[in-house]
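>>> Provided below are the primary sequence and the corresponding predicted coordinates.
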Amino acid sequence: QVQLVEIGGGLVRAGGSLRISCVASGLTFGQASMGWFRQAPGKDRELVAALIWSGDSIYYADAVKGRFTISRDNAKNTVYLEMNSLKFEDTAQYYCAAALGGSMDTMASKYAMDYWGKGTLVAVST
């Protein structure tokens, strides 16, 4: 049974930093392209960052470029999202998702993900 478990959300002040993690089990992690999506109240779920399984392609949404960093540790079956210079508008439920062998085109569509975590809340106060 595949599980993706997000860890590390919480409340942070604007301008602050937070790192969230996603620990995967039950899948061949090294063959999984991983993404972080977020969904704010009343808004659609959007891709924030993605890292292809081969490690040779990374995507960031324009809204987070230069502030967020996605990385992975295959030995720990974990993908991270380091978030710096957080803004109020970054407040959302953050979800980890996996697509086995997925390309960046695959990662661009939330409907193409094979597995999802339950999410972790990141709240940024002004």
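Received it, and whenever you're ready, just let me know what you need.
>>> the helix or strand of the chain with the lowest mean pLDDT: which residues count as buried?
Lowest on mean pLDDT, DSSP states H and E among the helices and strands of the chain sits helix 104-107, with a mean of 92. The neighbour-count check on helix 104-107 (16 or more other CB atoms under 10 Å) flags T106, M107 as buried. All C-beta atoms are positioned from the backbone trio N, CA, C, and that covers glycine.
>>> what about it, distance to the chain center?
In terms of CA atoms, centre = their mean, to the nearest Å, the centre of helix 104-107 is set 14 Å apart from its chain centre.
>>> packing partners for it?
Using 3 or more CB pairs under 8 Å, 6 or more residues apart in numbering; DSSP states H and E, the elements in contact with helix 104-107 are strand 32-39, strand 46-51.
>>> same list (those strands) but as CSV, adding mean neighbour count.
Shown next, in CSV, are the helices and strands packed on helix 104-107 (neighbours: other CB atoms under 10 Å):
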stretch, mean neighbour count
strand 32-39, 25
strand 46-51, 21
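>>> the ones you listed: which one's closest to S103?
Of all those, the one in closest proximity to S103, counting by CB to CB, is strand 32-39 (7.4 Å).
>>> got the angle for that closest one vs strand 46-51?
Relative orientation of strand 32-39 versus strand 46-51 (axes from the mean of the first three to the mean of the last three CA atoms, to 10 degrees): 160 degrees.
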